[in-house]
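> have a look at this prediction, sequence included:
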Amino acid sequence: MEATVPGHADTHAHGHHGHPPSGLMRWVTTTNHKDIGTMYLWFSFAMFLVGGMMALTIRSELFQPGLQILEPERFNQMTTLHGLIMVFGAIMPAFVGFANWMIPMQIGAADMAFGRMNNWSFWLLPPAATLLVTSLFVPGGAAAAGWTLYAPLSVQQGMGMDMTIFAVHILGMSSIMGSINIITTILNLRAPGMNLMKMPLFVWTWLITAFLIIAVMPVLAGAVTMILTDRHFGTSFFNAAGGGDPVLFQHVFWFFGHPEVYIVVIPGFGVVSQVVSAFSRKPLFGYASMVYATASIAVLSFFVWAHHMYTVGMPVGGQLYFMYATMLIAIPTGVKVFNWIATMWRGSLSFETPMLFSLGFIFLFTMGGFSGLVLAMAPVDVQMQDTYYVVAHFHYTMVAGALFSAFSATYYWLPKWTGHMYNEKLGKVHFWLSLIFFNMTFFVQHFLGLAGMPRRIPDYALQFTEFNQISTIGAFGFGLSQLLFLYNIITCIKGGPKAPAKPWDGAEGLEWDLPSPAPYHSWETQPTVK
Amino acid sequence: MTKQARWGNMLRLAGLLLFAAASGWAQAEYKLNFQEPATKLAHDVYGLHMGMMYICVVIFVIVFSVMFYSVFKHRKSSGRTPATFHESTKVEILWTVIPTIILLLMTWPVTITLLEMRDSSNPDITIKATGYQWKWGYDYLKGEGEGIKFMSVLSTPQEQIHNTAPKGEHYLLEVDNHVVVPVGKKIRVLTTANDVIHSWFIPAFAVKQDAVPGFIRDTSFRAEREGIFRGQCAELCGKDHAYMPIVVEVVSPEKYTAWVAEQQKKMAASAADPNKVWTLPELVSRGETVYMQNCVACHQPTGKGLPPVFPALDGSKIATGPKAGHIDIVTNGKTGTAMAAFGKQLSDADLAAVITFERNSWSNKTGELVQPNEIKAARK
């Protein structure tokens, strides 16, 4: 992709923008996509640490059988908040942060379409996070029904559940506004010549993800609102005694929940596609088929929700349908993996940190995909439902999938954001430690699940001890390794070797035509894409 | 020390640590797969899983050997110039069609097993399993043993859970009353729940069925061999989700007949004369047993509860106020809270005993007795 760049360097000459207010007010009032992107990313990293501390608390309790540090009720609060915070506080905002920073730069737009809405969608997050975290300290503690908030258990709980419901509403509003902004930006603000099928894969995957978010976040809001009215206003959506059905909640929840897992990982597909192509110094193989595969995964995600509910007692015809539909998803997912590998084939590969994390993503995400295929088989799933096998499976897709691709994206674009190169050696150490400890934590959980250890228990039978100990040690290793990442980022912001406009010789895309660090206002005059 | 040497030393140290850890764990017994199947269905599921896993492993190895070949051979550091190809409709079709065929081949055995799994028709014995927070109740509804009913509660002592006593062999997987079934007979299990969703899970039978409050679900199994099979509740059901195991004892038909006779005798004996007038010590002593099985998880041995979710009984208005209010809450529960309606679970004598116990324990000194016939009257 070639771009002509009509004078992006003279942005400082545009006096009419004035200067942003300094200090705290700059961040409170900003409508700049880069500022907002930065806030999203820091927010998500903070939440990643909070959710990570909760994970380590959970793993500490599980280091040995018996109750050591947490009473069961606290333990359930920890698993619930860990899930909610990681999904809605860490992973989703991280990718919205990348979208804010990169989509305008990648499509040649001056900013996001709706600056003030962008500011509002970020500033909704801290109150929501505060509600979630402080709910630990209210009478009765936080929600303890699991991140899935299954009724009627969630109807039974204390006011922490109401705070969680309110937080979910706020987070949903934020995501929906962010998505409207992203869709509008992509559809309306592309540079001349940048037609849809020339967009970088990251932009494509976000366009698809944004539609998914708009489609399903209201469904989640509806589900938690029904819990709220069952709790306080005498409705009986989920109460059989009043004519309701507890299983209704699961259907509504997973109609949101299954697309949600693709919301979490699809932007990562985009990142990996760009990174693999850049470090293979070869164009992405099968660009069009990548776009179609992503779109098919997104569409299929609406038709498979009840594979989370094989043991709930649905008719056998329902089980068969959901099983077949779920297996279909393996096909477009396979196409993506094959395309990535074909991109590498006969390329000229180098292995800087972004590439390492993307390779880790492909390798481990595929493992998560295969365990997903095993879980898709209803009779096998009946053995594995609600055991640690499921926990292992979704951490392969969420951590090795979404999180690794977020690391990859950070290292890939960090020079563009800060104007400095990060410490490559430290980045590689971060990758290898993450890879080893990740597998130490989660690979053994497959065995625990096969042997029948249920998830969400603070205490377990003696035969599960050894694997739990390995897993706990791995979790602490993984958690501590992330401090290297933090250190690397901070030093990269503060200084380090000057980054050229295009630090990766194989990288493609408009963002690399801008200087590093990218100017506060970029693409005030749109480039033309040939 | 050169950089390389330092790295080398660190690697060796890491290796040593790993080795030490591995040899320490090597003595431990590792379970790497499903529990040993005890039903034909569980054998089938075991086989399905192995087959699926081998297919996945083969595909995985093939696909990633290609990737790693690229990673090792197509390196920039070995001076390669990248190729420029970037699409081929032919291979795209190929790697769409081949997985589709593999998936189609997989569906056949899976469908057969699923249909077999869901066929719970023509059972020899039907048992209803009811999930309570946090124990299971069983009613033998049909077949030999019809009419038997009992509760099945975790029998692991609290001291083991709180690490003040060494843990027993079947820590957390032991209950007071086993579900006893005859070998080789088809057992249909109807599941339901009293409060929230639970899940009835016996890994060795490949049986897991959610128990949904207000609805009846079913599953079935036919055990091939005698033995004791242990499972746990598999659906998060609140505080003591980890503490409501399921134990099924599979016995020979003769032993089963003997067990049924014994249970029926026990039930006749425990159906105490409803008009018997109990003394305070009798009620308190029986009530303590009932309390320890049914109430202690929430209201605690001290009666102090875990406020604000699980209120204290010690000094509470209900446990020291009028009897009628106390009987009502224990019998009918309190909607919107974890307080269950124990009227459905306990006999009149047990209810009278536990209420009397609560009114005369800790600092509660009402001195009042509740007789079984008062419960009987209140139920109407």
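Nice, I can see it.

> and A:Met290, how close does it get to chain B?
Look at A:Met290 and chain B: by C-beta to the nearest C-beta, to the nearest Å, they are 10 Å apart. Where C-beta positions appear, they are placed from N, C-alpha and C, glycine not excepted.

> if I look at the residue lying closest to that residue once chain neighbours are set aside, what pLDDT would I see?
Of all residues not flanking A:Met290 in the chain, A:Asn339 sits nearest, at 5.6 Å (C-beta to C-beta, 6 or more residues apart in numbering or on different chains). A:Asn339 carries a pLDDT score of 96 in this model.

> what residues are up against the residue of chain B found nearest chain A?
Using C-beta to the nearest C-beta, B:Gly214 is the residue of chain B that sits closest to chain A, at 2.1 Å. Taking C-beta atoms under 8 Å, 6 or more residues apart in numbering or on different chains, we find B:Gly214 in contact with A:Asn239, A:Ala240, A:Ala241, A:Asp245, A:Pro246, B:Thr192.

> swap in 6 Å and give it another go.
A:Ala240 (C-beta atoms under 6 Å, 6 or more residues apart in numbering or on different chains).

> ok, B:Pro308 next?
By C-beta under 6 Å, 6+ apart, the contact set of B:Pro308 is A:Pro139, A:Gly140.

> is it part of a helix or strand, or is it coil?
Look at B:Pro308: counting by DSSP: H, G, I helix; E, B strand; the rest coil, its state is coil.

> spatially nearest residue to whichever residue of the stretch 301-450 of chain A sits closest to chain B (excluding sequence neighbours)?
Residue nearest to chain B within the stretch 301-450 of chain A (C-beta to the nearest C-beta): A:Gly313, separated by 3.5 Å. Excluding its sequence neighbours, the residue lying closest to A:Gly313 (C-beta to C-beta, 6+ apart) is B:Arg217, at 3.5 Å.

> next: A:Pro283.
Among residues not flanking A:Pro283 along the chain, B:His86 sits closest, at 4.1 Å (C-beta to C-beta, 6+ apart).

> is it fair to say the one you found lies in a strand?
No: counting by three-state DSSP, B:His86 falls outside a strand, being coil.

> now the helices for the stretch 1-150 of chain B?
B:3-26, B:40-73, B:89-117 (DSSP state H, counting those that start in this stretch).

> now those helices as CSV including mean neighbour count?
Shown next, in CSV, are the helices of the stretch 1-150 of chain B (neighbours: other C-beta atoms under 10 Å in any protein chain shown):
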stretch, mean neighbour count
helix B:3-26, 10
helix B:40-73, 16
helix B:89-117, 15
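
> just put these in CSV and tack on mean pLDDT.
Formatted as CSV, the helices of the stretch 1-150 of chain B follow (pLDDT from 0 to 100):
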stretch, mean pLDDT
helix B:3-26, 57
helix B:40-73, 94
helix B:89-117, 93
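
> quick one, phi psi at the residue of the stretch 301-450 of chain A closest to chain B?
phi 100, psi 40 (degrees, to the nearest 10).

> and for it, the neighbour number?
20 (other C-beta atoms under 10 Å in any protein chain shown).

> what packs against the host helix or strand of A:Ile208?
Under the criterion of DSSP states H and E, A:Ile208 resides in helix A:201-232. On a contact count with 3 or more C-beta pairs under 6 Å, 6 or more residues apart in numbering or on different chains; DSSP states H and E, helix A:201-232 meets helix A:92-107, helix A:159-188, helix A:246-280, helix A:287-300.

> just name the most buried of the ones you listed.
Highest mean neighbour count of the helices and strands packed on helix A:201-232: helix A:92-107, a mean of 27 (counted as mean count of other C-beta atoms under 10 Å in any protein chain shown).

> go through the following helix or strand past that one and flag the buried ones.
With elements assigned by DSSP H and E, the helix or strand that comes after helix A:92-107 is helix A:115-123. Of the residues in helix A:115-123, A:Met117, A:Asn118, A:Asn119, A:Trp120, A:Ser121, A:Phe122, A:Trp123 count as buried by neighbour count, 16 or more other C-beta atoms under 10 Å in any protein chain shown.

> is it possible to get TSV of the residues you listed that adds distance to A:Arg231?
Shown next, in TSV, are the buried residues of helix A:115-123 (distance: C-beta to C-beta, whole Å):
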residue	distance to A:Arg231
A:Met117	31
A:Asn118	34
A:Asn119	33
A:Trp120	29
A:Ser121	28
A:Phe122	30
A:Trp123	28
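
> number of residues surrounding the nearest residue to A:Gly172 once chain neighbours are set aside?
Nearest residue to A:Gly172, sequence neighbours excluded (C-beta to C-beta, 6+ apart): A:Met217, at 4.2 Å. Neighbours of A:Met217 under the rule other C-beta under 10 Å: 23.

> for B:Ser78, same thing?
Neighbour tally, B:Ser78, other C-beta under 10 Å: 10.

> tell me how far it lies from A:Gln157.
60 Å (C-beta to C-beta, to the nearest Å).

> again with A:Leu435
Relative to A:Gln157, A:Leu435 is positioned 38 Å away (C-beta to C-beta).

> output the below-cut-off pLDDT ranges for the chain.
The chain I'm using is chain A. A:1-20 (pLDDT under 70).

> meant chain B actually
For chain B, the ranges with pLDDT under 70 are B:1-30, B:271-275, B:336.

> now do the strands in it.
Taking DSSP state E as the test, the strands found in chain B are B:125-132, B:135-142, B:149-152, B:179-182, B:186-193, B:198-202, B:207-211, B:217-222, B:227-232, B:245-251.

> count residues in the vicinity of the residue lying closest to A:Phe279 once chain neighbours are set aside, would you?
Closest residue in space to A:Phe279, ignoring its immediate chain neighbours: A:Met355 at 3.7 Å, by C-beta to C-beta, 6+ apart. The number of residues packed near A:Met355 is 25, by other C-beta under 10 Å.

> export whichever strand or helix holds A:Met355 as PDB, just CAs?
Here A:Met355 is covered by helix A:353-376, with elements defined by DSSP H and E. Only the C-alpha atoms of helix A:353-376 are listed here, as PDB (Å, rounded to 0.1, in the frame of the first residue of the first chain):
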ATOM      1  CA  THR A 353       9.000  -9.600  20.500                       C
ATOM      2  CA  PRO A 354       5.800  -8.800  18.600                       C
ATOM      3  CA  MET A 355       6.400 -11.700  16.300                       C
ATOM      4  CA  LEU A 356       7.200 -14.100  19.200                       C
ATOM      5  CA  PHE A 357       3.900 -13.200  20.900                       C
ATOM      6  CA  SER A 358       2.000 -13.700  17.600                       C
ATOM      7  CA  LEU A 359       3.600 -17.100  17.100                       C
ATOM      8  CA  GLY A 360       2.800 -17.900  20.700                       C
ATOM      9  CA  PHE A 361      -0.800 -16.800  19.900                       C
ATOM     10  CA  ILE A 362      -1.100 -19.000  16.900                       C
ATOM     11  CA  PHE A 363       0.400 -22.100  18.600                       C
ATOM     12  CA  LEU A 364      -1.500 -21.900  21.900                       C
ATOM     13  CA  PHE A 365      -4.800 -20.500  20.500                       C
ATOM     14  CA  THR A 366      -4.900 -23.500  18.100                       C
ATOM     15  CA  MET A 367      -4.500 -25.700  21.200                       C
ATOM     16  CA  GLY A 368      -7.400 -23.800  22.700                       C
ATOM     17  CA  GLY A 369      -9.300 -24.300  19.500                       C
ATOM     18  CA  PHE A 370      -8.700 -28.100  19.600                       C
ATOM     19  CA  SER A 371      -9.800 -28.400  23.200                       C
ATOM     20  CA  GLY A 372     -12.900 -26.400  22.100                       C
ATOM     21  CA  LEU A 373     -13.500 -28.900  19.400                       C
ATOM     22  CA  VAL A 374     -13.400 -31.700  21.900                       C
ATOM     23  CA  LEU A 375     -15.800 -29.700  24.100                       C
ATOM     24  CA  ALA A 376     -18.100 -29.200  21.200                       C
END
